[in-house]
Every structure is written in C-alpha cells, then in structure tokens.
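*Asks:* no sequence on this one, just coordinates:
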C-alpha cells in the first residue's frame with residue numbers, strides 16, 4: 001500500500017501574513033485561554049480586537065482560589081478562609097500541564113511564568129478501597145511491584161512450558177525471560193520473588209517501619225479482582241497523564257494573568273453578551289454592562305470563545321446546524337474540594353506531592369507539590385471528574401459537600417477529621433458563565449465557520465479539558481478568519 005502523505009500540522013502562529021488584519025476588526029467573546037490567545041495573536045496580525053468578558057476578571061475556568069476570594073455558584077456564595085500565605089492556594093480548574101503541551105508552555109516561557117514540577121504519580125501515595133484489604137490504604141509502590149512481578153512470573157511460566165514456542169525463537173525465549181526477570185524482579189527460576197521494590201512492613205507511617213524486612217507477595221488474582229486497582233495502575237500511562245508534569249509557581253492563574261496583561265487594553269469587563277447577530281459585512285454583538293446599559297458593536301469577524309452551555313442561552317443568528325450542536329453539547333460535571341491542614345501527610349506518612357486514589361465518591365486526594373515541610377498546605381480533599389458522584393456533590397450545599405468529603409477522606413487519612421479545616425468547594429456545573437467542566441461531546445459543525453462567526457474553546461479540540469486544547473482551538477479559529485480575509489481582499 002502506498003505511504004499516506006504526512007498529516008499537515010494544525011494552524012499556528014507563523015502561518016499567517018503579518019498584515020492580513022490591517023483595517024479589519026474582530027469581536028472576541030470570552031476572556032478564557034482561547035479568547036485571550038485569539039486576541040493576542042490576532043492583534044499581532046493587525047486586527048483591531050475587542051474582547052467581551054462577562055466577569056470582572058479574565059481566566060474562564062482557570063481559577064486559583066486564595067484567602068479572601070469569593071466562590072460564587074448559581075445558588076451559593078463561599079468566602080475562602082485559608083491563611084494568607086503564598087503556598088496556600090487551590091487550583092479549582094486546570095492544575096497540571098503535560099510536558100508536550102508546547103503552546104501553553106511556550107506562552108509561559110514568552111511571558112515569564114515560572115514552572116515547577118507537578119507530581120502526577122507518586123509511588124509513595126496510596127490506593128484505597130473500603131471493600132478490599134480490610135479497607136486499609138495500600139501504598140502504590142507495593143501494588144505496582146506485585147502486579148509487575150505476578151504478570152512477569154505468569155508469562156515466564158508460559159514460556160518455560162513451551163506455550164509460546166510458535167511466537168518465540170530459541171534466542172527470543174532467552175532474551176524475553178531475561179527481560180521478565182528484570183521487569184518483575186523475579187527469582188532466577190522465573191518465580192515471583194519478594195523484594196524491596198514493594199517497600200517494607202510499616203512503610204505507610206513514620207514510627208512503624210521495618211526497613212530491614214520485605215513484604216510478602218500477594219497473589220496476582222487478588223490484585224486483579226477489582227477494576228479499581230487495574231484502572232489506577234494504568235492511569236499515568238496515558239499520553240496526557242504523565243507521571244511528572246508541570247505547574248506554574250504560585251498558582252495556575254499566573255498563566256491567565258500573564259496573558260490578560262498582554263491583552264488588557266482590548267478587554268471590556270462585566271460585559272454580558274445578550275445577542276450575537278450576523279450583518280451583511282460581518283457580525284454584531286449586543287452586551288449589557290454592570291449598570292444595565294446596552295451596547296451594540298459591529299465587526300468584520302466574531303470569535304465565539306464561550307462554553308456551549310452558556311452560548312445556548314444567548315439569542316443568535318447561527319445556522320440551524322450550529323444551533324443544534326450547541327444545544328446538545330455535553331459537559332462533564334466535576335467537583336473539587338480543598339482544605340487547609342498541617343502537613344500530616346508529610347510528617348506522618350512521608351507523602352510529598354502526588355495523588356492518592358479511593359473508589360469512594362471523592363475519587364482523589366491531592367497533596368501539594370510545593371512548599372514541602374512548611375507548616376500548612378492545601379489538600380485537595382476530593383476531585384470528582386463527573387458522573388453520578390459529580391451530580392450528587394453538585395446538588396449538595398457547600399457545607400454538605402464539605403461534611404461528605406471529610407467523612408470519606410477520613411477513611412483514607414483519619415487525621416482529616418481533626419486537622420482539615422477551612423473547606424471550600426467548586427461545582428463547575430453551577431459556576432456562572434461556565435455551567436460545566438470540560439466538553440465531552442465530539443464537535444463537528446462547530447469546527448466550521450458560520451459566515452463571519454467562528455468558534456473556539458477547549459471543547460472544540462482533540463485535547464478537551466486541557467489549556468493546550470483551548471490554545472489549539474484559538475489557532476484554528478484564527479486560521480478560519482485569516483483564510484476568509486485572504487479569499488476576499
């Protein structure tokens with residue numbers, strides 16, 4: 001078969017004539033990552049840009065909560081009670097950056113946003129299920145070592161019993177057996193072998209450790225008896241969930257703050273879009289300001305960088321197909337809760353950064369990846385991705401969420417009951433002007449322009465839920481604008 005041609009790179013800065021926007025204008029709706037990037041890059045091309053942002057600050061779902069900040073939902077208001085400290089913050093939205101997300105990393109480099117390590121896979125963190133191992137949390141390194149050993153021993157047995165002779169030559173047999181002995185830390189005869197890879201008795205807690213002993217190996221069938229363990233062992237093998245990732249020093253909003261400072265002259269804050277219309281030569285957007293006054297703006301182009309959940313409620317002239325896709329677009333329903341606490345996870349359990357998992361509703365407990373050994377830290381006491389647990393927690397009051405999360409987190413860390421304080425939550429389905437987490441529908445029509453109107457946002461990318469996806473979608477929208485202008489000089 002002939003070799004297919006190389007796939008063209010997605011649009012990006014440098015692809016477009018630098019003067020293509022001279023004398024032309026664009027309205028950009030929403031000052032999240034996609035809207036800010038569109039404004040910055042289109043300004044470089046000569047477009048006169050106006051960004052309409054419904055809130056008093058930019059950033060969209062990039063939200064870092066600190067002492068005194070107010071979290072508003074459609075039916076509640078919370079004030080963050082954390083102590084005032086540079087280390088005490090809560091990334092309520094995006095929290096980590098894969099190393100290969102070159103565009104968002106590039107903006108950090110260009111605008112001086114310092115990055116540090118985000119530990120996505122800490123082998124010293126815990127895995128927990130109330131229904132297995134008597135409800136005792138399991139140190140991740142033990143389960144990983146036991147699983148590797150069990151699978152390696154099983155495959156070695158199959159090879160030694162000649163079960164794979166059709167697949168392996170004699171030389172292959174020897175090489176694969178050597179690989180398996182190393183991979184699974186097997187004994188010389190290919191059997192599973194207890195080693196220090198799994199840790200040692202009492203490794204969970206300071207003061208109860210027996211470093212001169214090794215743990216007995218549990219049978220592979222016990223480890224394979226629950227989907228929970230299987231899923232956790234594979235999670236960080238995903239391309240966008242690498243063991244080691246990145247985060248901005250001081251909070252994720254350092255990125256949107258930097259982008260906002262570049263685009264600030266073009267942003268109109270507290271501008272709530274009330275209509276999006278087509279005109280003979282472009283688009284018209286009507287918005288209301290903080291005093292209730294109404295303003296209409298015309299432009300050659302309109303870049304709509306709003307969540308579909310919000311866009312569905314704004315009167316518009318979109319095509320029937322665009323309207324239908326917007327109305328049916330689905331979003332996740334994530335919920336996050338954070339608590340301030342003395343760093344018992346470091347002092348009592350030697351857990352420095354990373355994530356523990358539980359098959360309770362709260363799903364994950366995150367430990368701060370910065371400020372090690374300082375007095376206090378911010379624990380993510382729950383990160384619920386969505387589904388029925390997300391819907392359940394979204395329906396609760398903020399205090400009910402705190403109580404429920406505290407009770408479940410205490411099954412993993414009993415210290416939670418007495419030491420975790422100042423709980424605060426964000427249920428993204430109830431956050432005004434967002435009304436959802438990340439897009440989970442597959443876009444089609446919204447990837448195409450509707451006359452002078454184009455669409456952007458992470459939900460319209462192959463990297464849904466990631467800041468990089470928002471950037472890529474902004475580039476695609478810019479490309480549609482540029483191609484239209486090149487075709488009609």
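*Replies:* Good, I have the coordinates. Because the structure is a prediction, the values reported are computed rather than measured.

*Asks:* going forward, measure contacts and count neighbours with C-alpha atoms only.
*Replies:* OK.

*Asks:* Now for the residue nearest the centre of the chain: which residues touch it?
*Replies:* Of all residues in the chain, the one closest to the mean position by C-alpha atoms, centre = their mean is residue 94, 4.6 Å from it. Taking C-alpha atoms under 8 Å, 6 or more residues apart in numbering as the contact definition, residue 94 lies against 61, 62, 63, 252, 466, 467.

*Asks:* and residue 208, how many neighbours?
*Replies:* A total of 10 residues lie near residue 208 under the criterion other C-alpha atoms under 10 Å.

*Asks:* Tell me, what's the model's pLDDT at it?
*Replies:* Per-residue pLDDT puts residue 208 at 82.

*Asks:* just checking, it touches residue 200?
*Replies:* No - applying C-alpha atoms under 8 Å, one finds residue 208 not in contact with residue 200, separated by 10.2 Å.

*Asks:* the helices in the chain, which residues?
*Replies:* Secondary structure of the chain (DSSP state H): helices located at 33-44, 102-110, 140-160, 170-184, 220-223, 227-234, 253-263, 308-311, 320-328, 344-347, 387-395, 398-410, 416-419, 467-487.

*Asks:* ok, and what's touching the helix or strand of the chain with the lowest mean pLDDT?
*Replies:* Least confident helix or strand, the chain: helix 227-234 with a mean of 82, by mean pLDDT, DSSP states H and E. Contact with helix 227-234 is made by 127, 144, 223, 224, 357, 359, as judged by C-alpha under 8 Å, 6+ apart.

*Asks:* Can you tell me which of the residues you listed is nearest residue 486?
*Replies:* residue 357 (51.6 Å; C-alpha to C-alpha).

*Asks:* possible to save the contacts of residue 94 as a markdown table with pLDDT?
*Replies:* Below are the contacts of residue 94 laid out as a markdown table (pLDDT from 0 to 100):
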| residue | pLDDT |
| --- | --- |
| 61 | 97 |
| 62 | 98 |
| 63 | 98 |
| 252 | 98 |
| 466 | 98 |
| 467 | 98 |
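
*Asks:* May I see the ChimeraX selection of the buried members of those residues?
*Replies:* With 16 or more other C-alpha atoms under 10 Å as the criterion, this ChimeraX line picks the buried residues out of the contacts of residue 94:
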select :61,62,63,252,466,467
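
*Asks:* Now render the contacts of residue 94 as a markdown table, adding distance to residue 308.
*Replies:* Formatted as a markdown table, these follow (distance: C-alpha to C-alpha, whole Å):
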| residue | distance to residue 308 |
| --- | --- |
| 61 | 14 |
| 62 | 17 |
| 63 | 19 |
| 252 | 23 |
| 466 | 16 |
| 467 | 17 |
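
*Asks:* and the two most separated of the contacts of residue 94?
*Replies:* 63 and 466 (13.5 Å).

*Asks:* give me the number of residues near residue 56?
*Replies:* Neighbours around residue 56, by other C-alpha under 10 Å: 10.

*Asks:* which residues sit in contact with it?
*Replies:* Residue 56 neighbours (C-alpha under 8 Å, 6+ apart): 269, 270.

*Asks:* what's the nearest residue to residue 43 if we skip its chain neighbours?
*Replies:* residue 49 (6.6 Å; C-alpha to C-alpha, 6 or more residues apart in numbering).

*Asks:* what separates that neighbour from residue 298, distance-wise?
*Replies:* Residue 49 sits 11 Å away from residue 298, going by C-alpha to C-alpha, to the nearest Å.

*Asks:* Which residues are in contact with each of those two?
*Replies:* Counting by C-alpha under 8 Å, 6+ apart, the residues touching both residue 49 and residue 298 are residue 27.

*Asks:* These two - which one has more neighbours?
*Replies:* Using other C-alpha under 10 Å, the more surrounded residue of residue 49 and residue 298 is residue 49, with 23 against 18.

*Asks:* from memory the more buried one sits against residue 37, does it?
*Replies:* No - in terms of C-alpha under 8 Å, residue 49 does not count as a neighbour of residue 37; the distance is 11.6 Å.

*Asks:* Overlap of the contact sets of these two?
*Replies:* Shared contacts of residue 49 and residue 37, defined by C-alpha under 8 Å, 6+ apart, are absent.
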